[in-house]
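In: got a structure for you, letters missing:
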């Protein structure tokens, strides 16, 4: 067993150097959505390979049909972890809203004891991934080895939908499979409060097209006699929620578990109620299942949402038409053990039962992924939580996210790996927007946090 | 009192001459929607004025901001009737689908004892309006006078929305007001069966826009917590019909009367059931109020229809968005004494009661007109019905129409006049399409029908 405190000291002493390295990486214009920056993406991958090799990783740039992956391995004792981050960044327009050039990173003092790193990718995700690399570097420098066996996967297409990721994971499953994954692409609760994301909702998307007459009809001649697809569609959508905001599709809540009371209590203490969550967007009332808090609704409850609807005449003025067809885009956020395929089938049955015999309905699937849910008391979570709490001198929160992070689902389904989601971003980091920043405290204490987490997970391995 | 039979004989004898006159009018390219044909519209108006003067009418071309009106008066004893028709015609594209030039009318033999008049405007509405003019001409020729006091209004903008009609009626109300109006712009039930249109449904149009958050939201972050305007809208629309297809808006059926059983029976005998009405458009089931026949539903029952709906993402693929707003275009077909203003207010109250307190709804009115309904046993109807039955040797039907004819509402609301709707068009006349035609039998027996109707109405005046 190695000693942790000299590693932490080393991270404190080398902060300026680590900043220099991050700045070098931030200067590379690795925008993945624009083919004009393909060479820059490759350059970023190459820089990372070189840097990882300097720590002793066996690292390589791995080609894909898109931008390359970076894969690196370092032997060690104890558990085997796979760390994931992405080196590509968002485009920079509108350029004129940037105070400094997006790829000319700088450190700015913005308050007493508060400095920020400004530049595209500082928070999403170069700054975050380097916190882990720096932790490894310090460990290696102090102890001549890493605390455990570590593999690294850096992607270059996260901001453009990760088209190469699944095939790459499948082709290299043997090589990439570890005991669990560490993913650093999420945020803290606030500047002082670290958080682990324990749950991510899954998603089922479905487009339904209701067809009635074989042509558009004049409502004067047929109104009151012929089926109106908008009316049928409205009835279907309306029937999907009961008066208490619960989804009425039979079997929808199968596999859904209640969140532990102590977790709900910790969320309540965050003071993010209906007013706080909805006030900034001009609303005040929760629309979901009655009797549940705002955070529980978006973090831990499944939903049915209507994302789009269209039918009939939608232009200026009026047309007394009965449309031949109407469609809606419907999606479900899933939690726990809800099965995307079962939900899709149950939804389709629900719809079919509401379409008159002389009308028809077509379904077009749009993706499906299950929820990701670590047990709140799993050793992986509690060990990391304790390490974070120690570093930040404030209890680390177990939170969830309403959206999905595809990589986590892929690690689960393709490599059979749980992921621990720890990140040091903040909601005001302006990721995807001009003047993106990363707190210097996130960068510094993020490095120390990873050192602590690796140390703790090695000393109390959650598996094996 | 004058004798009818010599008038009918005269009409028989002068059929060829009346056809020549109609052809002359059909050659005038009076397309009202295209400004390039403005002179042709004026030419048609001028020709009609000259023709009416030749019968002894005091006739004039009356300017409007658009195409001119033709107004004519002829003194007489007994009731005062106002006859309405329109001299403008639909555009002719697609030109290449016409077998002959649209403004080169001809008479064609299409079967044993069946000839048709082919040309743009032959049925809609030049051929129809000339049936009345020819009846007047024959009456005058035989008796030196008309059977009653007759005024005529020919419009030149019917095919382009009649923008000048209401102002013209208002400005000339004194001059145009008569005991009742005769309108010749409708159809027979079939080639052998004359029909009087006794009811026209009214219309209330309304666009509703439901607004929730002040911006589009990511359904991952807000799904389950924030109001979804599509869900609110679907609930509103769905609530508007009960399980039996009846409209649920409080007070909606106020003033709605049941159609007399003998009328329903006569409609049933027409053999136009769900199968016959809906089969040609690919449907088979009636969607309106249960227990009512297809014809009753479209002719005599009020409806709520959804003519358009839109909200959220409606493009290709999928976007997990919760829209800020969604809208629907809703219309109501009205019957009997339903009050458009009351219906609009009741609908708005119904909607408002279903919009959550933190959301809002905007209403945009799109027109409103009450239904037109003559009593099936009013003297105006029964007298004309007897005259038509006599001419066609087949009982004339009292039917209704699901759509509206604005002029009839305007006569009612602006001049306080009932309208008798008698026309000799057929559903296969291809009005608004290439190769428009009018049956020669319609033209000939139409003239005789008007002579009979005028005679009967003079001898049994429904008013005064």
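Out: Noted; the coordinates are in hand. Not measured: the values here are computed from a predicted model. Numbers count the residues shown, from 1 in each chain, chains lettered A, B, ... in the order given.
In: contacting residues for residue A:4?
Out: A:451-452, A:455 (CB atoms under 8 Å, 6 or more residues apart in numbering or on different chains). C-beta here means a position set from N, CA and C on the backbone, and glycine is covered the same way.
In: Model confidence at the one residue sitting closest to the centre of chain A, what's the number?
Out: When CA atoms, centre = their mean is applied to chain A, the residue found nearest the centroid is residue A:405 (3.1 Å). With respect to pLDDT, residue A:405 scores 82.
In: Just give the number of residues close to the residue of the stretch 201-350 of chain A found nearest chain B.
Out: Nearest residue of the stretch 201-350 of chain A to chain B, counting by CB to the nearest CB: residue A:220, 2.6 Å away. Neighbouring residues of residue A:220 were enumerated by other CB atoms under 10 Å in any protein chain shown; the total is 22.
In: That one contacts residue B:201, correct?
Out: Yes. Residue A:220 lies in contact with residue B:201 (CB atoms under 8 Å); the separation is 6.8 Å.
In: any residues in contact with both of these two?
Out: With CB under 8 Å, 6+ apart as the test, residue A:220 and residue B:201 both reach B:333, B:401-404.
In: Now for the residues you listed: which two are most distant?
Out: Maximum pairwise distance among the shared contacts of residue A:220 and residue B:201 (CB to CB): 10.4 Å, between B:333 and B:401.
In: what is in contact with these two at once?
Out: Contact criterion CB under 8 Å, 6+ apart; residues shared by residue B:333 and residue B:401: A:220, B:201.
In: Who has more neighbours out of the two?
Out: Taking other CB under 10 Å, residue B:333 and residue B:401 do not tie; residue B:333 has more neighbours (26 against 20).
In: hey, what's the more buried one bridged with?
Out: Residue B:333 forms beta bridges with residue B:203, residue B:303, as assigned by DSSP bridges.
In: residues in contact with it?
Out: With contact taken as CB under 8 Å, 6+ apart, residue B:333 is in contact with A:219-220, A:223-224, B:201-203, B:302-303, B:305, B:402.
In: just these now: which is nearest residue A:394?
Out: residue B:305 (59.5 Å).
In: Would you confirm that residue A:179 contacts residue A:417?
Out: Yes. The criterion here is CB under 8 Å, and residue A:179 meets it with residue A:417 at 7.5 Å.
In: Give the bridge partners for residue A:82, please.
Out: Taking DSSP bridges as the rule, residue A:82 bridges to residue A:151, residue A:181.
In: Relative to residue A:2, how far out is it?
Out: Separation of residue A:82 from residue A:2 (CB to CB, to the nearest Å) stands at 21 Å.
In: So for the two, which residue has more residues nearby?
Out: Higher neighbour count among residue A:82 and residue A:2: residue A:82, with 24 against 17, using other CB under 10 Å.
In: so that one touches residue A:154, yeah?
Out: No. With contacts counted by CB under 8 Å, residue A:82 stays clear of residue A:154, the gap being 11.2 Å.
In: wait, doesn't residue A:51 sit right on residue A:18?
Out: No. Assessed by CB under 8 Å, residue A:51 is found out of contact with residue A:18, at 10.9 Å.
In: Pop out the phi and psi values for residue A:380.
Out: The phi/psi pair for residue A:380 (degrees, to the nearest 10) reads phi -60, psi -50.
In: Can you read off the pLDDT for the nearest residue to it once chain neighbours are set aside?
Out: Leaving aside its chain neighbours, residue A:380 sits nearest to residue A:462 (4.2 Å; criterion: CB to CB, 6 or more residues apart in numbering or on different chains). Model confidence at residue A:462, given as pLDDT, is 83.
In: Kindly report the same for residue A:295.
Out: Model confidence at residue A:295, given as pLDDT, is 95.
In: For chain A, which element, helix or strand, carries the lowest mean pLDDT?
Out: Each helix and strand of chain A was given a mean pLDDT (mean pLDDT, DSSP states H and E); the minimum falls on helix A:219-222 at a mean of 87.
In: And the helices in the stretch 301-450 of chain A?
Out: All helices of the stretch 301-450 of chain A, identified by DSSP state H, counting those that start in this stretch, fall at A:340-352, A:379-392, A:406-415, A:440-459.
In: most neighbours per residue, which of those helices?
Out: Mean neighbours per residue, mean count of other CB atoms under 10 Å in any protein chain shown, is largest over the helices of the stretch 301-450 of chain A for helix A:440-459, with a mean of 24.
In: what angle sits between that helix and helix A:379-392?
Out: Interaxial angle of helix A:440-459 relative to helix A:379-392 (axes from the mean of the first three to the mean of the last three CA atoms, to 10 degrees): 140 degrees.
In: Which other helices and strands does helix A:440-459 contact?
Out: The contact analysis (3 or more CB pairs under 8 Å, 6 or more residues apart in numbering or on different chains; DSSP states H and E) places helix A:440-459 against helix A:5-13, helix A:15-26, strand A:114-118, helix A:126-143, helix A:379-392, strand A:418-422.
In: how about 7 Å then?
Out: Here helix A:440-459 touches helix A:5-13, strand A:114-118, helix A:126-143, helix A:379-392, going by 3 or more CB pairs under 7 Å, 6 or more residues apart in numbering or on different chains; DSSP states H and E.
In: Can you tell me which helices and strands the last one packs against?
Out: Put plainly, it is helix A:379-392. With contacts taken as 3+ CB pairs under 7 Å, 6+ apart, helix A:379-392 sits against strand A:195-200, strand A:418-422, helix A:440-459.
In: can we see that at 10 Å?
Out: Here helix A:379-392 touches strand A:180-183, strand A:195-200, strand A:397-401, strand A:418-422, helix A:440-459, going by 3 or more CB pairs under 10 Å, 6 or more residues apart in numbering or on different chains; DSSP states H and E.
In: chain center to that helix: distance?
Out: Distance, stretch centre to chain centre, for helix A:379-392: 21 Å (CA atoms, centre = their mean, to the nearest Å).
In: got the angle between that helix and strand A:397-401?
Out: Orientation check (the same axes, to 10 degrees): helix A:379-392 against strand A:397-401 gives 120 degrees.
In: repeat for the third one
Out: In this structure, helix A:126-143 runs at an angle of 140 degrees to strand A:397-401, with the same axes, to 10 degrees as the basis.
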